[in-house]
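>>> I would like to see how this sequence folds:
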Amino acid sequence: MQLCHTPRATSAVFDDPNLVSSAGLVPVLALARSAGLQELAQAHLTVPTDKGANAGLKVSSLVAGMVAGADSIDDMALLRHGGMGRVFTNAYAPSTLGSFLRTFSFGHVRQLDAVASRFLAGLAEQAPLIVTSPDTSERVMIDIDDTIVEVHGHAKQGSGYGYSGVRGLNALLAVVSTSQSAPVIVAHRLRKGSCGSPRGAKRLVADALKTTSKLPAKSDLRPMLRADSAFYGAEVVNAALRGGADISVTVRMDPKVKAAIATIGDDAWTTIEYTDAVFDEPTNTWVSRAEVAEIPFTAFTSKKKADQVTGRLVVRRIPDLNTSAKNGQETLFVVVFHRLGQIPRSPSLRIVFATVLREMVSPSSRRSTRIRVAPETSSESPWNHVTLAAIRSARTARFEGPRLAQA
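Numbering: from 1, shown residues only. Below is the predicted model of the structure:
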């Protein structure tokens with residue numbers, strides 16, 4: 001076989017009226033109809049002029065096209081190829097769908113958020129999206145984070161350079177998961193590429209918790225919201241508390257946190273052991289020992305009294321491996337890793353997890369902060385009863401610093 005010598009004069013079109021290019025859309029659209037996608041979009045979308053007519057059918061067409069692999073307006077033509085018209089009706093032309101989308105404002109985006117939340121609840125009635133353990137003692141986890149979606153071309157609306165140095169758009173996501181079910185996106189927001197991670201997080205957290213409350217998850221515990229240090233702020237934390245969730249969020253190493261760590265006595269540390277070692281990039285070694293301690297801590301003391309959150313700061317440190325010490329050759333300086341977190345004594349909050357490397361030589365020689373989520377424990381259980389399952393769960397948490405992703 002060889003390439004045709006006249007490719008520019010050759011045209012290949014999928015136009016056989018007896019063939020369907022995307023037969024897998026049949027069960028997908030049947031499920032969407034059962035969950036009420038078209039009716040919800042028709043009821044909640046108020047796009048003006050004739051461009052917004054039949055909003056339910058147009059939204060269904062856009063969803064079907066994306067499921068079939070379309071990633072641009074022109075690709076929506078695949079819904080009209082071959083025998084698709086014999087299986088599906090009211091497939092709009094790409095130009096019509098493009099005019100419909102270009103009429104949208106941010107208010108219409110919020111209307112689509114309302115449609116998506118109600119549609120997800122409808123899907124949950126058709127199939128169990130969130131499944132917990134039979135004893136109802138498993139906590140539902142909600143993770144929030146942002147990511148960069150790379151785009152190309154200087155004319156791309158909203159594109160910019162963010163923290164990753166890649167030109168793109170910034171997507172903020174809230175994902176619900178349990179040990180028995182796959183992750184489910186319950187809230188999302190597409191933002192300009194140069195925006196900061198916490199922008200709009202307060203509203204997203206409130207939306208995510210409201211949607212999660214509509215999903216039939218059989219758990220007796222409050223959901224747990226987890227986030228990294230970019231979302232450590234009074235607005236996000238208090239939004240989670242108002243939404244009825246506990247929270248675990250990485251804390252930045254400000255002077256107040258450093259001062260709190262310095263008050264921990266040597267006799268307050270409890271040693272725990274791992275079966276899985278932790279990789280330490282600065283020393284290029286594997287560490288299999290750790291120590292933990294906890295102290296009371298009040299976050300956001302610079303804010304007004306109503307915004308301050310009182311809990312307990314859980315700190316974990318990993319002593320640096322020192323093979324020569326076993327032969328009586330102690331090092332001159334002690335180097336330890338501090339990993340810290342805050343869990344409240346009341347059941348309403350789980351807050352502040354972080355990692356910092358503190359080298360006890362001089363302040364100028366301290367290395368940069370490393371962020372990592374630490375394991376959760378109940379207020380009744382001492383740290384020496386932390387289970388291996390909790391440690392493994394902490395090490396596989398979504399919100400880790402890029403340089404500790406292998407840990």
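>>> okay, now the closest residue to Arg199 other than its chain neighbours: neighbour count?
In this structure, Arg199 finds its nearest non-sequential neighbour in Arg191, 6.4 Å apart by CB to CB, 6 or more residues apart in numbering. To be clear about C-beta, it is placed using only N, CA and C from the backbone, and glycine gets the same treatment. When neighbours are defined as other CB atoms under 10 Å, Arg191 has 18 of them.
>>> what stretches of this protein score poorly on pLDDT?
Where the chain drops to pLDDT under 70, the residues are 1-14, 274-278, 285-288, 319-407.
>>> buried sites along the longest helix seen in the chain?
Ordering each helix of the chain by length in residues (DSSP state H) puts helix 106-126 first. Neighbour counts over helix 106-126 (16 or more other CB atoms under 10 Å) mark 108, 111-113, 115-124 as buried.
>>> Name the residues that touch it?
Taking contacts as CB atoms under 8 Å, 6 or more residues apart in numbering, the residues outside helix 106-126 that touch it are 31-32, 34-37, 40-41, 44-47, 59, 129-130, 184, 186-187, 207, 210-211, 214-216.
>>> in the chain, which spans are helices?
25-35, 37-44, 55-67, 84-87, 94-102, 106-126, 201-214, 234-242, 255-262, 388-395.
>>> Contacts for the fifth one next, please.
Translated: helix 94-102. Outside helix 94-102, the residues touching it (CB under 8 Å, 6+ apart) are 47, 51-52, 55, 58, 61-62, 65, 73-77, 92.
>>> let's go with 7 Å and repeat that
With contacts defined as CB atoms under 7 Å, 6 or more residues apart in numbering, helix 94-102 is touched by Val47, Lys51, Gly52, Lys58, Ser61, Leu62, Ile73, Asp74, Met76, Ala77.
>>> Quick check: the second one touching Thr103?
Yes - contact criterion CB atoms under 7 Å: Lys51 and Thr103 qualify, at 4.5 Å.
>>> okay, now Ala93: neighbour count?
14.
>>> Report how many residues lie close to Ser248.
Other residues close to Ser248 by other CB under 10 Å number 26.
>>> and it, what are its bridge partners?
Judged by DSSP bridges, the bridge partners of Ser248 are Arg226.
>>> Could you list the buried residues of the longest strand along the chain?
Using DSSP state E, we find that the single longest strand of the chain is strand 285-299. Using 16+ other CB under 10 Å as the test for burial, strand 285-299 gives Val287, Ala290, Glu291, Val292, Ala293, Glu294, Ile295, Phe297, Ala299.
>>> Sheet-wise, list the partners of it with their directions.
Short version: by DSSP bridges, strand 285-299 pairs with strand 270-280 (antiparallel), strand 309-319 (antiparallel).
>>> what's the distance between Arg33 and Gly85?
18 Å (CB to CB, to the nearest Å).
>>> related to what we said a few turns ago, the contacts of helix 106-126, buried ones only, as a PyMOL selection?
If you want just the buried ones from the contacts of helix 106-126 in PyMOL, going by 16+ other CB under 10 Å, the selection is:
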select buried, resi 32+35+36+37+40+41+44+45+47+59+129+130+184+186+187+207+211+215
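>>> of all the buried residues of strand 285-299, which comes closest to Trp269?
Glu291 (4.1 Å; CB to CB).
>>> That closest one and Ala268: what is the separation?
9 Å.
>>> what touches both of the two?
Joint contacts of Glu291 and Ala268 (CB under 7 Å, 6+ apart) do not exist.
>>> Just read off the phi/psi values of Thr301.
phi -70, psi -20 (degrees, to the nearest 10).
>>> Was I right to think it contacts Val309?
No - assessed by CB under 7 Å, Thr301 is found out of contact with Val309, at 9.7 Å.
>>> more crowded one of the two?
Between Thr301 and Val309, counted using other CB under 10 Å, the more crowded position is Val309 (22 against 12).
>>> Find the nearest non-adjacent residue to that one, please.
Closest to Val309 by CB to CB, 6+ apart is Ala299, at 4.7 Å.
>>> Could you do Ala68 as well?
Using CB to CB, 6+ apart, the nearest residue to Ala68 is Ser22, at 4.3 Å.
>>> okay, now the one you found: neighbour count?
Ser22 - counted by other CB under 10 Å - has 20 other residues nearby.
>>> What does it show for phi and psi?
According to degrees, to the nearest 10, Ser22 has phi -130, psi 70.
>>> doesn't Met66 make contact with it?
No - between Ser22 and Met66 there is no contact under CB under 7 Å: 11.4 Å.
>>> these two touch, right, Leu37 and Lys58?
No - Leu37 is beyond contact range of Lys58, at 11.5 Å (criterion: CB under 7 Å).
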